[in-house]
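# Sequence first, then the predicted structure, then my questions.
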Amino acid sequence: MTDLMHSAPKNKSRIELIDAARGFALVAMAIYHFAWDLEFFGYATPGMTAVGGWRLFARSIASSFLFLVGFSLFLAHVRGVRWQPFWWRLLQVGGAAVAITLVTYFATPDAFIFFGILHHIAVASLVGLFFLRLPAVAVAALAAGVIVLPAVWRSDVFNGMALAWTGLASVNPRSNDFVPLFPWFGAVMLGMAAAKVALGSGWTERKAGTPLPGWTGPLQFAGRHSLAVYLLHQPILIGLIFLASLVVPPQAEEPRTGFLRACEAQCVQMRDAAFCEAYCGCVVAEIDGDARAGEIYTGAPSETATAWLSEIAAQCSISTDLDAPGEYE
């Protein structure tokens with residue numbers, strides 16, 4: 001199976017450093033996903049991987065992958081787009097993306113992956129072709145604009161599923177892996193700009209065919225087969241943790257605490273941690289004073305209790321914003 005990020009033209013020696021960099025990014029990704037799986041099975045604190053250092057770790061991994069997408073895309077097609085291998089790779093990545101959407105839709109329908117890292121790579125590979133001939137400075141400048149735009153302007157127009165993939169919606173949709181075009185395509189463009197500079201300076205020529213130490217062999221192998229590694233590592237990790245859970249089950253968490261942590265974990269996907277702590281505290285305070293607390297905390301609320309909980313959530317969202325306007329933006 002082809003690599004995830006495009007390979008250099010076959011009539012040139014591979015740059016082992018790029019393969020090793022992909023492999024290193026895959027190792028980092030597996031570490032993050034292992035932590036996420038521990039959280040999912042109840043061995044780690046709910047919401048742990050969505051905040052703090054883990055959140056920064058996840059963003060750095062995605063950035064490195066997409067940077068390498070742009071770097072390799074430019075090297076593969078700098079002398080003209082090689083359409084046959086391009087479409088073959090796009091078919092593989094796009095097909096894998098569709099498969100992930102289908103699997104996650106049935107596994108986690110409330111947070112399925114409709115535009116994750118593979119979806120982004122497929123779209124970015126197409127869009128990136130339009131920037132192959134631009135100067136490196138121009139590509140880098142445009143990349144800065146792509147990265148900054150969603151931080152300064154969003155619109156309700158993009159809130160529907162049909163346009164949410166742009167990253168310009170006023171509220172991000174729920175998804176276990178959401179990598180929208182803005183700002184993440186900026187990382188692809190920076191990779192393309194870096195590749196232009198590397199080629200112009202002779203760096204790629206010097207590195208082509210230059211062997212790395214033997215211990216990097218596994219990293220290079222993973223980097224050369226990154227799509228296969230990406231698709232296989234999570235089923236393997238989940239399977240291992242599931243087997244472990246049969247021998248040493250995770251310690252059951254007090255329902256109220258679990259509900260609070262789950263609330264904060266879901267909230268931080270759209271708002272900052274300070275807002276989420278206040279908002280979820282408000283929700284739990286309202287639930288604690290009601291007879292329906294038991295069924296809500298145990299995760300089996302009736303339709304009436306679910307409707308009431310939605311009203312409480314809306315009220316707490318408004319009151320949290322009113323208590324400190326602007327503080328939680």
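All right, it came through fine. Bear in mind that the values here come from a model prediction, so they are computed numbers and not experimental data.
# how far does stretch 38-55 stretch from start to finish?
The first and last residues of stretch 38-55 sit 15 Å apart, counting by C-alpha to C-alpha, to the nearest Å.
# Show me where the stretch 151-300 of the chain has its helices.
Counting by DSSP state H, counting those that start in this stretch, the stretch 151-300 of the chain has these helices, from start to end: 161-164, 181-201, 203-207, 217-224, 226-247, 255-267, 273-288, 293-297.
# Between helix 217-224 and the fifth one, find me the angle.
In other words, helix 226-247. Calculated by axes from the mean of the first three to the mean of the last three C-alpha atoms, to 10 degrees, helix 226-247 forms an angle of 110 degrees with helix 217-224.
# Just the buried positions in helix 226-247, please.
By neighbour count on 16 or more other C-beta atoms under 10 Å, the buried set for helix 226-247 is 226-230, 233-234, 237-238, 241. From N, CA and C alone the C-beta is placed, and that goes for glycine too.
# ok now that helix, how far from the chain's centre?
18 Å (C-alpha atoms, centre = their mean, to the nearest Å).
# I'd like to know the average pLDDT value across it.
Mean pLDDT, computed over helix 226-247, is 95.
# which secondary structure elements does that helix contact?
Helix 226-247 sits against helix 16-41, helix 83-107, with contacts defined as 3 or more C-beta pairs under 8 Å, 6 or more residues apart in numbering; DSSP states H and E.
# Quick check: the residue sitting furthest away from the middle of the chain vs residue 308, distance?
Relative to the centre of the chain, and counting by C-alpha atoms, centre = their mean, the farthest-placed residue is residue 291 at 39.2 Å. Taking C-beta to C-beta, to the nearest Å as the measure, residue 291 falls 11 Å from residue 308.
# now residue 188
For residue 188, the distance to residue 308 equals 45 Å [C-beta to C-beta].
# Residue 90 too?
Per C-beta to C-beta, residue 90 is found 48 Å from residue 308.
# repeat for residue 95
From residue 95 to residue 308 the distance is 44 Å (C-beta to C-beta).
# Then residue 55?
32 Å.
# Residue 17 now?
Counting by C-beta to C-beta, the separation of residue 17 from residue 308 is 58 Å.
# which ones are touching residue 60?
For residue 60, the contacting residues are residue 28, by C-beta atoms under 8 Å, 6 or more residues apart in numbering.
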